[in-house]
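Q: Sequence first, then the predicted structure:
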Amino acid sequence: MAKSATERKREQRAREKLKAEERHARLLAYSLKLEVFKGTAERLERIQQVTGIDEVHDLLTRLIHNADRLDDAALRKFVAEP
């Protein structure tokens, strides 16, 4: 018996979900769980407001990648600031 359009669509969605999960598993280096204290959270929220970046993980990713663009001396100076 032929599958209905609903059954075919359900199977297609299941395949796509599996592909997305496999892709995520291939790309993921590790998961980062982080406790953020009040002062740090306030600064993070300020940066989000100024930049318009709503997602914390997106903001942290951008900060990391942009810090990586600094030369070694500038990076050491940037990180040494309190």
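A: That came through fine.

Q: With only the CA atoms kept, save stretch 62-72 in PDB.
A: C-alpha atoms of stretch 62-72 as PDB (Å, rounded to 0.1, in the frame of the first residue of the first chain):
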ATOM      1  CA  ARG A  62      31.600  36.900  18.300                       C
ATOM      2  CA  LEU A  63      33.700  38.200  21.200                       C
ATOM      3  CA  ILE A  64      35.900  35.200  21.100                       C
ATOM      4  CA  HIS A  65      36.400  35.400  17.300                       C
ATOM      5  CA  ASN A  66      37.000  39.100  17.300                       C
ATOM      6  CA  ALA A  67      39.500  38.800  20.200                       C
ATOM      7  CA  ASP A  68      41.300  36.200  18.200                       C
ATOM      8  CA  ARG A  69      41.900  38.800  15.500                       C
ATOM      9  CA  LEU A  70      44.200  40.800  17.800                       C
ATOM     10  CA  ASP A  71      47.900  40.300  17.600                       C
ATOM     11  CA  ASP A  72      49.600  38.500  20.600                       C
END
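
Q: Go ahead and measure how far that stretch is from the middle of the chain.
A: Taking Cα atoms, centre = their mean, to the nearest Å, one finds stretch 62-72 lying 16 Å from the centre of the chain it belongs to.

Q: what about the nearest residue to Asp68 once chain neighbours are set aside, how many residues close to it?
A: Distances taken as Cβ to Cβ, 6 or more residues apart in numbering place Leu75 nearest to Asp68, at 7.8 Å, with adjacent residues excluded. (C-beta placed from N, C-alpha, C; glycine too.) Neighbour count of Leu75, defined by other Cβ atoms under 10 Å: 13.

Q: Okay, and the most centrally placed residue in the chain sits in which element?
A: Nearest to the geometric centre of the chain sits His57, at 4.1 Å (Cα atoms, centre = their mean). In the assignment (DSSP states H and E), His57 maps to helix 56-68.

Q: Nothing else from me, thank you.
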